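Asks: below are the sequence and a predicted model for it; my questions follow.
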Amino acid sequence: MSAAGTLPPDERRLGAGAPIQDTRGDKIALACIYTALALFCLAILYPIVYVLSASVSDTHKVSAGQVWLWPVGFTLDAYKAIFDYDAIVSSFGNSVFYAVAGALVATVLTLLAAYPLSRKGLPGKGIIMAAFVFTMMFSGGLIPTYLVVDQLGLLNTRWAMILPTALAVWNVIITRTYFMVTIPEELVEAGKVDGCSDFGFFWRIVLPLSKPIIAVNLLFYAVGQWNSFFNALIYLTNEHLFPLQVVLRQILIQSKVDPSQMPDTSKLAQLKELQQQLKYSLIVIGMIPPLLVYPFVQKHFVKGAMIGSLKG
Amino acid sequence: MPNDHARPGLSRRSLIAGALGLTAAAGGGVLSACSGSSNAGTTAAGAGGAAPSVTLGPKLATVQYPEGYVGPVARELKPITSEKVTFKIVVPQDVTIGDWKTNAFTKWLEQKTNIHIEWNQVGGTDDDIMTKVNAMIAAGDIPDAFMGVNFTRSQLFLYGQQGLFADVGQYIDGYALNLQQAMKDYPDARKLVQAPDKKIYSFPNINDCYHCRASNGRTFLNTDWIKQVGLAVPKTTDEFVEVLRAFKKADLGGNGRTIPFAGYKDAPFDTFFMNSFLYNPGEPWLVVNDGKVDVTFDKDEWREGLKFIHGMYAEGLINKDVFTADQDQMDRYGNAPGKPIIGGARSYYWGGFLDIDQKDPNARWRKYQAIPPLKGPNGVQYAAWNYLGVGVEVAKLVITKKCAKPELLVQWADAQMELEAILRGYGGPKFEWAKKGELGINGKQAVYGFSATWNTEKNISWSQENTMYRSQDFRLAERVNPADLTFEKPLYQQTVDNYFPYKQPQEMQFPPVTLDQDQAAQEAELKTNLKSEVNLSFSKFVTGQLDPNDDAAWNGYKDRVAKIGVKPYLELQQAAYEIYNG
């Protein structure tokens, strides 16, 4: 403050070497923004902290409403219980597999579709693009798709989770826009002059320049796979292939079943106990992998997604 | 049934036919499902003509039965076929059942019956399962049977008429001897399971849960509190309010936290309180008066009931969030640390509002007791007794036309109605035959007992997804372990004492009817709209957003439900009711 005070007013206004004095209005605005953001952050953070605390607390203390923020009656029983259920353990492994494999396959497909569509010289580009967009608005419907999957022999295999609906047209559009913006036509020409083939150009020039968009695609697809349950529900009939979400639905949502529909009280009690025991630890298990991945991809994520959206 | 509902019916039927053809043409694995049979392709081949030679095995001598026992009997199970036969069955996935293939009961049953099952598990909630099953059916990817999939009566009828589901009725006489006995024990059973065309499209299941018949109206009060305020268990609506006022005044929960009476959104209020004004079984509020189907929610008595409940709510005797609280919130009230804070609750059983600790003889849940229905100002006092909706069930096992040897699956299902198979089927292998002198829930000689309260082990039972024959006598013949008092006995006793005596005549209950496809669609829409209007207005009247004493508000409500279509709704139900009665 004292240093700033000695400076001539002009220099202070220019801000050379000294912090700019905020006006009163700015201060108020800043305070508001920080408060709003803090509240927003709290609104997101609190449920996570609560679930984490509840998952390591005594279930009876949780259901008595004694857990507010920190764990009460610390215990890891809920996590131990998870290992008693083979279905949960194997489904977790399956989900990881589907997320990784699905993201890889889908990202490769997306890049291969988006790059040619971003180049000017592609014949029939408009028609191909229209065909892609058409599928965004119209789908074959559940039964025809089921028949196709059945006839292809994918029913009840891991492929049924990865191949059908692998490609998201939305991601193709974002990726195409990214290519159009970051890989100028002049670069292609320069490559051609030096004797680079189309594939060579894609492999040596385009891919190394596209790390952000690749990261975005991987993340989008992986999270999409991680959260999805419908394909598994429709195409899989083998417990050993189920992803985590299907099992989560059975335990967490099914247990909320209307008691009047449940003919047997002992079964009701059993479901309630099961749910109380596993609810929070399952939610934690379900959210950990995306939480682990996000920080590593985030810097690309912001950049890649912004380019796609801003200039698209 | 006539073919006049051509458009939706025909298109779906032709789609299915086409789909079946496609699958067959592709030579898919579906048709080889009944691998034991050489003529698997001829799906329509019934075994109705073949002379059955099925007999029951000899009774086990070691098992004790109380006098006058009506129910399943322990017999030696005989193999159904000499050569192993495989069937493909679709079942729900369930973490407590675990892998159906390695499940203990699966192995036991296969060893006894020589029938091998290739399991197809479907995951998710009940709604999810129905989505998947409908997709399978529409795509022609049909197993030999569905087990534990909750088809409605109307769905069974629809698919049965389309020829997709087998009529098991024709096999019962020849092949299902345990079921035959069960249907003799339960004379209403045939009427309840058959479709309007007199065919039976699923293997019936009998689970005669006595206390479930009163579940909809069960209501609890804290008997310790009643003693502390020096009153008696209330018998009338006025006494009830008096007790709640006393709870509130004495603030027995401490620090003003007392909630004299609590409710939550999953346990409707009307099924208890309205029965002090008129017989009301709850959603969809259908009753039968002298052979005429009627609804309860637009009657003047209903309005009197609304005034009564609104009065309690306005006085602060009921929790503010009674219409929004969920099970978690209710548990927070019920399990409040230190002293209990709720004086009573509307709930199907104790687990609806607190955690049940079965080991502790002084556990909190034991302080709450079910109270009888209250006598209203005009002397009305009903316990809505579920004569027809509990006991005989449909859809546990549905055999499809894909199955080449339905008579074997029928025998397989029938084997699960044998006493030991029942016990292993829902409770696992850790059962014991009761010794002479050991008593059951109803105080008579017990037949069996389990070492654990209810099974916490995984992968040992089918968790009630299969067909069983659990008669009332059977259920009440479970040994009561004096050292491990479960809630089954008090639930039974309090139902005997407090609800059974006040039950309405059976003719007043609207039975489970079957609708055809068009009716079902129309009914579903009307029902959904009526349900939301009645529930919404109920909560508004109770919380005071609408004043039940105001004629305009009440008439407005009556106009709204009439506009939605009470009349066509009742006409539909009346027609179905008449078909049900033949």
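Replies: Sure, I can see it.

Asks: so stretch A:144-158, near chain B or not?
Replies: Yes. Interface with chain B: stretch A:144-158 contributes A:146-147, A:150-151, A:155-156 (C-beta under 8 Å from any C-beta of the partner chain). No exception for glycine: its C-beta is placed from N, CA and C like everyone else's.

Asks: in helices, which of these fall?
Replies: Using DSSP state H, the members of the residues of stretch A:144-158 next to chain B that fall in helices are A:146-147, A:150-151.

Asks: residues touching the helix or strand hosting residue B:205, excluding its own?
Replies: Element membership of residue B:205 [criterion: DSSP states H and E] is strand B:203-207. For strand B:203-207, contacts defined as C-beta atoms under 8 Å, 6 or more residues apart in numbering or on different chains pick out A:263-264, B:168, B:176, B:179, B:182-183, B:186, B:189, B:192-193, B:390-394, B:396-399, B:410, B:413, B:464, B:466-471, B:475.

Asks: in the sheet, who's paired with residue B:440?
Replies: Beta-bridge partners recorded for residue B:440 (DSSP bridges): residue B:479.

Asks: thought it was touching residue B:476?
Replies: Yes. Counting by C-beta atoms under 8 Å, residue B:440 touches residue B:476, with 5.6 Å between them.

Asks: list buried residues within the ones in helices among the residues of stretch A:144-158 next to chain B.
Replies: A:146-147, A:150 (16 or more other C-beta atoms under 10 Å in any protein chain shown).

Asks: can you put those in CSV and add distance to residue B:432 and pLDDT?
Replies: Formatted as CSV, the entries for these read as follows, by distance: C-beta to C-beta, whole Å; pLDDT from 0 to 100:
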residue, distance to residue B:432, pLDDT
A:146, 47, 92
A:147, 51, 91
A:150, 47, 91
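
Asks: go through the residues you listed and name the one nearest residue B:223.
Replies: Closest approach to residue B:223 among those (C-beta to C-beta): residue A:146, at 56.2 Å.

Asks: ok, the closest one - contacts?
Replies: A:234-235, B:135-136, B:138-139, B:141.

Asks: what does the domain assignment say about chain A?
Replies: A:2-75, A:83-310 (automatic domain parsing).

Asks: returning to what we had before: out of the buried ones among the ones in helices among the residues of stretch A:144-158 next to chain B, who's nearest residue A:280?
Replies: Nearest to residue A:280 among those is residue A:146, at 35.1 Å by C-beta to C-beta.

Asks: okay, now residue B:582: neighbour count?
Replies: Around residue B:582 there are 7 other residues, counting by other C-beta atoms under 10 Å in any protein chain shown.

Asks: low pLDDT regions in the stretch 51-200 of chain B?
Replies: B:51-52 (pLDDT under 70).

Asks: return the residues of it in contact with chain A.
Replies: Residues of the stretch 51-200 of chain B lying near chain A (C-beta under 8 Å from any C-beta): B:90, B:92-96, B:98-100, B:120-126, B:128, B:131-132, B:135-136, B:138-139, B:141.

Asks: sitting in helices, which of these do you find?
Replies: Those of these lying in helices (DSSP H): B:126, B:128, B:131-132, B:135-136, B:138-139.

Asks: which of the residues you listed sits closest to residue B:361?
Replies: So of those, ranked by how close each gets to residue B:361 (C-beta to C-beta), first place is residue B:126, at 36.5 Å.

Asks: skipping its backbone neighbours, what lies nearest the closest one in space?
Replies: residue B:150 (5.8 Å; C-beta to C-beta, 6 or more residues apart in numbering or on different chains).

Asks: mind checking how far the one you found is from residue A:105?
Replies: 36 Å (C-beta to C-beta, to the nearest Å).

Asks: and if you look at residue B:516?
Replies: 46 Å.

Asks: okay, the two: which has more neighbours?
Replies: More crowded of residue B:516 and residue A:105, by other C-beta under 10 Å: residue B:516, with 21 against 17.

Asks: got the contact list for the closest residue to residue B:514 other than its chain neighbours?
Replies: In space, and not counting its chain neighbours, residue B:514 is closest to residue B:153: 4.2 Å by C-beta to C-beta, 6+ apart. The contact partners of residue B:153, by C-beta under 8 Å, 6+ apart, come to B:195, B:394-395, B:512-515.

Asks: same question for residue A:160.
Replies: A:149, A:154, A:231, A:235-236.

Asks: residue ranges in the chain under the pLDDT threshold?
Replies: You didn't pick a chain, so chain A it is. A:1-19, A:254-264, A:301-312.

Asks: hm, I was asking about chain B
Replies: B:1-52, B:452-456, B:484.

Asks: how about the strands in it?
Replies: Assigned by DSSP state E, chain B shows strands spanning B:85-92, B:115-122, B:145-147, B:203-207, B:219-222, B:286-289, B:292-295, B:344-346, B:368-370, B:391-399, B:431-433, B:448-450, B:469-470.

Asks: turn the ones you listed into a markdown table, including mean neighbour count.
Replies: Formatted as a markdown table, these follow (neighbours: other C-beta atoms under 10 Å in any protein chain shown):
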| stretch | mean neighbour count |
| --- | --- |
| strand B:85-92 | 23 |
| strand B:115-122 | 21 |
| strand B:145-147 | 26 |
| strand B:203-207 | 27 |
| strand B:219-222 | 25 |
| strand B:286-289 | 18 |
| strand B:292-295 | 17 |
| strand B:344-346 | 26 |
| strand B:368-370 | 23 |
| strand B:391-399 | 24 |
| strand B:431-433 | 17 |
| strand B:448-450 | 20 |
| strand B:469-470 | 26 |
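
Asks: quick one: which of those strands is nearest residue A:83?
Replies: strand B:115-122 (20.5 Å).

Asks: what sits closest to residue B:135 if chain neighbours are left out?
Replies: residue A:146 (5.1 Å).

Asks: residue A:249 now?
Replies: Closest to residue A:249 by C-beta to C-beta, 6+ apart is residue B:124, at 4.7 Å.

Asks: and that neighbour, what does it touch?
Replies: The neighbours of residue B:124, taking C-beta under 8 Å, 6+ apart as the test, are A:229, A:233, A:246, A:249-250, A:254, B:93, B:132.

Asks: burial count for residue B:261?
Replies: Around residue B:261 there are 26 residues (other C-beta under 10 Å).

Asks: which bits of the stretch 51-200 of chain A sit near chain B?
Replies: Contact residues (C-beta under 8 Å from any C-beta) of the stretch 51-200 of chain A with chain B: A:60-61, A:63-66, A:84-88, A:142-143, A:146-147, A:150-151, A:155-156.

Asks: up against chain A, what does the stretch 201-350 of chain B have?
Replies: B:207, B:209, B:211-212, B:215-216, B:266-267, B:282-283, B:326-328, B:331-332, B:335-337, B:348-349.

Asks: now list the buried members of the residues you listed.
Replies: Counted by 16+ other C-beta under 10 Å, those give B:207, B:209, B:211-212, B:215-216, B:266-267, B:282-283, B:327, B:331-332, B:335-336, B:348-349 as buried.

Asks: give me the residue at the spatial middle of chain A.
Replies: residue A:223 (3.1 Å; C-alpha atoms, centre = their mean).

Asks: ok, and the closest non-adjacent residue to that one?
Replies: In space, residue A:223 is closest to residue A:290, 5.6 Å off (C-beta to C-beta, 6+ apart).

Asks: returning to that earlier point: the residue nearest to residue B:126 reaches residue B:130, doesn't it?
Replies: Yes. Residue B:150 is in contact with residue B:130 according to C-beta under 8 Å; the separation is 7.2 Å.

Asks: check which helix or strand covers the residue nearest to the centre of chain A.
Replies: helix A:211-227.

Asks: for that helix, packing partners?
Replies: For helix A:211-227, the elements it packs on are helix A:86-118, helix A:169-182, helix A:244-248, helix A:265-310, judged by 3 or more C-beta pairs under 8 Å, 6 or more residues apart in numbering or on different chains; DSSP states H and E.
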